[in-house]
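# following is a predicted model, sequence given first.
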Amino acid sequence: MSVSQSIQEELLVLRCREGDPAALDALIERWQEPLWRYALRLTGAEDAAWDVWQESCLVIARDIGKLEAEGAFGVWAYRIVGHKSRDWLRQHVRRRERERRYAEQTQLDEADAPPFANADVREALGELADADRTLLRLRFEDGFGMDELSQMLGVPAGTVKSRLYSAKQRLRALMENTT
C-alpha cells in the first residue's frame, strides 16, 4: 500500500470514529476482496466465506471506534476475519458431528423399529378389526404387559392372552395372503 493510500485509510478510520457511514462504506469496499479471499482460504467454501465476511463487517462496524491505531485497520480486520472463520469452522465441525450422530441414531432407530414399521405389516394391520389392531398396538408398539392390558380392558389376563394370540393368528393369515 502506498503512503497516500495509507494516509487516506487512516483518515477514513478517523471519520468512522466520528460516525461517518460513508467512510465506513469506503473502508469496507476497499477491503472486501482481500478479506473475502482470506475467509475463503480459511473456510474452503465460497458460501462460508461470504457468511464470514458479513459477520466480520458487523464486528468492524460495531468496534471500529475501539481501533486505537488508525494505520492498523488492515491487520485488525484480518484478525477479525480469522476469528470469524475459525468460529465458522468450529460450528461446521460441530454441525457435521451432530448430523453424523443423528444419522447413526436414525439407523439404530430403524434397526430397533417397532414391529409394525414394515409397510406390509401396516397394510395387514389396517385390514384387521379395530379390537385386534388396538390390542396388537397396545402390546407391541406401546409395550404394555399382560397385567396392564388386563386392567385397561377390564378382563382377566388369560382372556387378554387368548385375544392376543387370536389377533396375531389373524394378522399372520393376512400377511400370508398378501405375500
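Received, thanks.

# need the longest helix for this structure.
Longest helix of the chain, by residue count under DSSP state H: helix 73-111.

# could you point out which element follows that helix?
Where DSSP states H and E defines the elements, the next helix or strand beyond helix 73-111 is helix 119-127.

# give the buried residues for that following helix.
121, 124, 125 (16 or more other CB atoms under 10 Å). (Glycine included, C-beta is placed from N, CA and C.)

# these two touch, right, the first one and residue 172?
No: contact between residue 121 and residue 172 fails when scored by CB atoms under 8 Å: they sit 10.4 Å apart.

# tell me the buried residues in whichever helix or strand residue 29 is part of?
If you go by DSSP H and E, residue 29 is part of helix 21-43. For helix 21-43, burial by neighbour count (16+ other CB under 10 Å) applies to 23-24, 26-28, 30-31, 35-36, 38-40, 42-43.

# okay, now the domains of this protein?
3-110, 119-178 (automatic domain parsing).

# want to throw the ones you listed into CSV with mean pLDDT?
Listed next are the domains of the chain as CSV, based on pLDDT from 0 to 100:
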stretch, mean pLDDT
domain 3-110, 86
domain 119-178, 85
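
# thinking residue 85 is in contact with residue 43, fair?
Yes: counting by CB under 8 Å, residue 85 does reach residue 43; the two are 5.4 Å apart.

# need the residues touching each of those two.
Taking CB atoms under 8 Å, 6 or more residues apart in numbering as the criterion, residue 85 and residue 43 both touch residue 52.

# test my guess that residue 167 contacts residue 136.
Yes: counting by CB under 8 Å, residue 136 is a contact partner of residue 167 at 5.2 Å.

# need the overlap of contacts for the two.
The contact sets of residue 167 and residue 136 overlap at residue 128 (CB under 8 Å, 6+ apart).

# and the gap between residue 49 and residue 168?
Computed as CB to CB, to the nearest Å, the residue 49 to residue 168 distance reads 60 Å.
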